[in-house]
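Trainee: quick one, fold the following:
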Amino acid sequence: MASKWSPCSRFIAVARDLFNEIAILDALTLEQLHTMDPCQKIVWTDLIFSPDGHLLTGYSYSEDCIVSWDLQTGGLISNISTVGQGDSMSYSGCGTVLGVLFRNTIMTYNTISGTHISSCSVPKYVVGNIWTYGECFQFATVDSGSITIWKVSFTSSHAPTEISSLPIPDNFSSSGFAFLPTHSQLAFVLQGRVLVWDAQHQKTLLDSEDVKDPTILSFSPDGCFFICGTRGQEFYLWKESPDGYLLHQKFVSSTRWVDPVVSPNGESIISSGGPMLQLWHTKNSTTSPPDISIQASQHAEDTLLELSSDGSLVAVAGWLSNTVTVLDVRSGNPLLVIDTNTKICGVRITESTIIIVGDGKIITWNLSAGDGVLNVRRNIGDSIQTTIFEHSEDIGNLHASISPDLNYIAFGSTRSSEEDLCLYDIHTGKKLAGTKTGGWLPGFTLVGHEVWCTAETGRVDRWTIVKDNESNFTRLEFLGESEKPLSGFPWHSSCGYQVTDDGWILNSNGKQLFWLPHHWRSEKAKRRWSGKFLVVPQSGLPEAIILELEV
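Mentor: Model (predicted):
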């Protein structure tokens with residue numbers, strides 16, 4: 001999991017390896033604010049914010065590309081194809097030029113246009129990352145007995161210029177190397193010892209033998225803190241003092257391959273590894289445990305969202321989560337939170353009932369009539385009915401949809417099988433019919449007699465439910481491919497509103513009412529309309545955005 005602090009220390013960008021999206025988190029609470037969702041599956045290697053914090057850039061060596069987004073809108077700025085594996089990145093001070101180190105070459109790009117500006121070969125092997133100083137990119141190389149600092153202008157193709165040469169201790173090893181150029185401080189591992197060397201004053205600031213299997217070394221931007229991660233899921237934090245660096249805190253991480261990064265203001269540390277992100281505060285005492293931990297859900301990008309038939313209530317849940325929230329559409333207030341104790345894969349809500357599908361069963365709860373207390377919590381013990389599906393072991397964690405008349409449940413699957421759209425009786429849990437469609441997201445039209453299945457390509461296949469009362473046999477009859485069946489989809493407004501491909505909400509006369517930010521433009525199959533209200537899922541979160549439009 002790649003992670004990076006914003007320059008203001010208020011936000012954290014996290015690239016999650018499990019599903020390739022980049023999430024923007026609040027640095028105090030780790031609450032997810034929005035996501036940058038690439039058009040293709042990409043494993044991100046590194047992230048970087050522009051100096052003003054307005055742009056975010058991700059690099060992927062698996063796809064050889066550099067992608068930049070506008071953080072305010074979530075919009076794509078540029079997508080740059082590269083050659084080879086980049087080792088580090090740095091923005092120019094104005095944020096329009098990006099320098100990328102590719103082994104022995106620094107290549108610069110215009111971040112906004114995505115065009116290549118210049119290429120510059122570097123002497124010897126660059127250790128550590130490149131950085132920005134004034135109107136130049138700078139980097140360091142190590143020779144016997146010294147570390148050399150070089151510079152190259154943002155737009156020049158000329159050879160780099162040597163700035164200075166600083167002495168380093170004898171027997172220096174570049175293993176676990178870290179260099180803080182503003183303070184001329186060098187950290188490295190030598191024969192199992194962790195050392196910090198002040199190259200300008202030629203003195204040792206830290207020499208520790210207490211760290212077992214040290215790996216990653218890092219300074220805070222102001223040099224106030226020095227941190228070292230270990231293979232044993234620990235990391236040590238030293239704080240600068242007149243006598244050198246003194247041990248300030250010792251943490252134990254819950255993940256392997258710890259990658260600690262100190263915030264620009266030096267007040268917090270993030271540690272990422274696998275699907276786990278952890279946050280610590282440096283002002284705590286030495287024995288303080290981690291302040292906040294967050295476990296990224298493998299399926300957090302999928303949101304289940306359903307409106308009641310009168311449009312007054314909306315139910316929101318994360319796919320395969322175990323909690324569903326009922327919101328009042330007009331006020332947006334949460335009225336009810338249910339801990340279902342099941343992995344939710346489908347939901348349906350009426351004015352008086354909420355039905356959950358998950359773990360091979362159907363569970364029903366009654367809703368309180370009239371104005372209720374906000375945020376009331378319920379659990380599985382408050383349910384009124386549970387029905388087990390026939391052959392529930394064959395259903396698994398699939399996407400499910402419940403018909404508006406509460407008679408049927410449809411399951412869609414991406415599995416390679418003869419039937420990837422299956423229809424079940426909601427009252428008995430018995431399987432009624434199945435067919436091959438190539439889609440994965442099922443749903444019912446508003447009248448409930450047609451079922452559709454949406455594929456990743458956006459194709460919508462429609463089927464009608466045909467029941468022979470004499471033989472009591474039910475089948476699915478193919479109606480063809482369509483985006484606007486006569487009986488209507490929930491994502492089509494009955495008042496004539498529409499959402500254009502570029503994100504504009506139009507009224508029935510074609511007037512532009514509101515522009516949806518990129519991170520609100522979920523798949524149209526997940527939007528829900530109720531009169532002048534539009535409900536859209538929040539990408540990456542089990543939450544909903546409720547918009548009230550003009551009549």
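Trainee: mind checking how far Gly358 is from Pro51?
Mentor: 46 Å (Cβ to Cβ, to the nearest Å). No exception for glycine: its C-beta is placed from N, CA and C like everyone else's.
Trainee: ok, the two, which is more surrounded?
Mentor: Taking Gly358 and Pro51 together and counting by other Cβ atoms under 10 Å, Gly358 has the greater number of neighbours (24 against 14).
Trainee: how about the nearest residue to the more buried one, chain neighbours excluded?
Mentor: On the basis of Cβ to Cβ, 6 or more residues apart in numbering, the spatially nearest residue to Gly358 that is not a chain neighbour turns out to be Thr342, at 4.0 Å.
Trainee: give me the neighbour count for that neighbour.
Mentor: 19.
Trainee: now do Ser368
Mentor: Applying other Cβ under 10 Å, we find 12 other residues in the vicinity of Ser368.
Trainee: what do you get for Ser78?
Mentor: Going by other Cβ under 10 Å, the residues that sit close to Ser78 add up to 18.
Trainee: who's in contact with it?
Mentor: Taking Cβ atoms under 8 Å, 6 or more residues apart in numbering as the definition of contact, the neighbours of Ser78 are 66-68, 110-114.
Trainee: same thing with Pro181?
Mentor: 131, 133, 138, 140, 149.
Trainee: same check on Leu406?
Mentor: 348, 350, 355, 426.
Trainee: just checking: what are the partner strands of the helix or strand harbouring Leu304?
Mentor: With elements taken from DSSP states H and E, the one containing Leu304 is strand 303-307. With DSSP bridges as the criterion, the sheet partners recorded for strand 303-307 are strand 313-318 (antiparallel).
Trainee: off-centre distance for the strand holding Leu304?
Mentor: Averaged C-alpha coordinates place strand 303-307 at 20 Å from its chain's average position (Cα atoms, centre = their mean, to the nearest Å).
Trainee: stretch 322-329 now?
Mentor: Stretch 322-329 has its C-alpha centroid displaced from the chain centroid by 22 Å (Cα atoms, centre = their mean).
Trainee: ditto for stretch 223-241
Mentor: Stretch 223-241 has its average C-alpha position 27 Å from the chain's average C-alpha position, going by Cα atoms, centre = their mean.
Trainee: please apply the same query to stretch 197-204.
Mentor: The chain centre lies 41 Å from the centre of stretch 197-204; the measure is Cα atoms, centre = their mean.
Trainee: hang on, Trp319 packs against Asp302?
Mentor: Yes. Under the criterion of Cβ atoms under 8 Å, Trp319 is in contact with Asp302, at a separation of 3.6 Å.
Trainee: what is in contact with these two at once?
Mentor: Common contacts of Trp319 and Asp302, defined by Cβ under 8 Å, 6+ apart, comprise His399.
Trainee: quick check: mean pLDDT of stretch 236-249?
Mentor: Predicted confidence along stretch 236-249 averages 90 (mean pLDDT).
Trainee: which residues sit against that stretch?
Mentor: Residues outside stretch 236-249 that contact it (Cβ under 8 Å, 6+ apart) are 194, 196, 204-206, 208, 210-211, 223-228, 230, 250-251, 269, 280, 282, 284-286, 288.
Trainee: please repeat the previous calculation with a cut-off of 6 Å.
Mentor: 196, 205-206, 211, 224-228, 250, 286 (Cβ atoms under 6 Å, 6 or more residues apart in numbering).
Trainee: ditto for stretch 61-68
Mentor: 42-43, 45, 55, 57-59, 77-82, 85, 111.
Trainee: got the end-to-end distance for that stretch?
Mentor: One end of stretch 61-68 to the other measures 15 Å (Cα to Cα, to the nearest Å).
Trainee: where does pLDDT dip in the stretch 51-200 of the chain?
Mentor: Along the stretch 51-200 of the chain, the model assigns pLDDT under 70 to residues 62, 83-85, 173-176.
Trainee: mind listing the strands for it?
Mentor: When assigned using DSSP state E, counting those that start in this stretch, the strands of the stretch 51-200 of the chain occupy the ranges 55-60, 65-70, 76-81, 88-91, 97-102, 105-110, 116-121, 126-133, 136-143, 146-153, 161-167, 178-180, 185-190, 193-198.
Trainee: the stretch 451-551 of the chain too?
Mentor: Across the stretch 451-551 of the chain, reading from the start of the chain, the strands by DSSP E, counting those that start in this stretch fall at 460-468, 473-481, 498-499, 504-506, 512-515, 528-530, 533-537, 544-548.
Trainee: can you add mean pLDDT and mean neighbour count and give those strands back as a markdown table?
Mentor: Formatted as a markdown table, the strands of the stretch 451-551 of the chain follow (pLDDT from 0 to 100; neighbours: other Cβ atoms under 10 Å):
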| stretch | mean pLDDT | mean neighbour count |
| --- | --- | --- |
| strand 460-468 | 86 | 17 |
| strand 473-481 | 85 | 14 |
| strand 498-499 | 87 | 17 |
| strand 504-506 | 89 | 17 |
| strand 512-515 | 85 | 12 |
| strand 528-530 | 87 | 22 |
| strand 533-537 | 87 | 22 |
| strand 544-548 | 86 | 16 |
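Trainee: contacting residues for the closest residue to Thr204 other than its chain neighbours?
Mentor: Of all residues beyond its chain neighbours, the one nearest Thr204 is Trp197 (6.0 Å), with distances taken as Cβ to Cβ, 6+ apart. Taking Cβ under 6 Å, 6+ apart as the contact definition, Trp197 lies against 169, 186, 204.
Trainee: highest neighbour count among those residues?
Mentor: Among these, the one with the most neighbours (other Cβ under 10 Å) is Leu186, at 29 neighbours.
Trainee: contact partners for it?
Mentor: For Leu186, the contacting residues are 179, 197, 199, taking Cβ under 6 Å, 6+ apart as the criterion.
Trainee: and which of these is nearest to Phe411?
Mentor: Sorting the contacts of Leu186 by distance to Phe411 puts Phe179 at the head of the list, at 55.9 Å, by Cβ to Cβ.
Trainee: I'd guessed that closest one sits against Phe139; true?
Mentor: No. Under the criterion of Cβ atoms under 6 Å, Phe179 is not in contact with Phe139, lying 9.5 Å apart.
Trainee: list the contacts of stretch 335-350.
Mentor: Applying Cβ under 6 Å, 6+ apart, the set of residues contacting stretch 335-350 is 304, 306, 308, 313, 315, 317, 320-326, 328, 355-359, 372, 376-380, 397, 400-402.
Trainee: which among the residues you listed end up buried?
Mentor: Buried members of those, counted by 16 or more other Cβ atoms under 10 Å: 304, 306, 308, 313, 315, 317, 320-326, 328, 355-359, 378, 400-402.
Trainee: report the buried residues of stretch 334-348.
Mentor: Within stretch 334-348, the residues that count as buried by 16+ other Cβ under 10 Å are 335-336, 338, 340, 342-348.
Trainee: keep only those of these that are in strands.
Mentor: 335-336, 338, 344-348 (DSSP state E).
Trainee: tell me the one of those residues nearest Trp365?
Mentor: Comparing these against Trp365 with Cβ to Cβ picks out Ile338 as the nearest, at 6.2 Å.
Trainee: export the contacts of Leu406 to TSV and tack on pLDDT?
Mentor: Supplementary listing: those in TSV, determined by pLDDT from 0 to 100:
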residue	pLDDT
Arg348	94
Thr350	91
Ile355	95
Ile426	91
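Trainee: returning to that earlier point: let's have the strands of the stretch 51-200 of the chain in TSV, adding distance to Gly434.
Mentor: Converted to TSV, the strands of the stretch 51-200 of the chain look like this (distance: least, Cβ to Cβ, whole Å):
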stretch	distance to Gly434
strand 55-60	39
strand 65-70	40
strand 76-81	39
strand 88-91	50
strand 97-102	51
strand 105-110	51
strand 116-121	53
strand 126-133	55
strand 136-143	60
strand 146-153	63
strand 161-167	70
strand 178-180	59
strand 185-190	60
strand 193-198	62
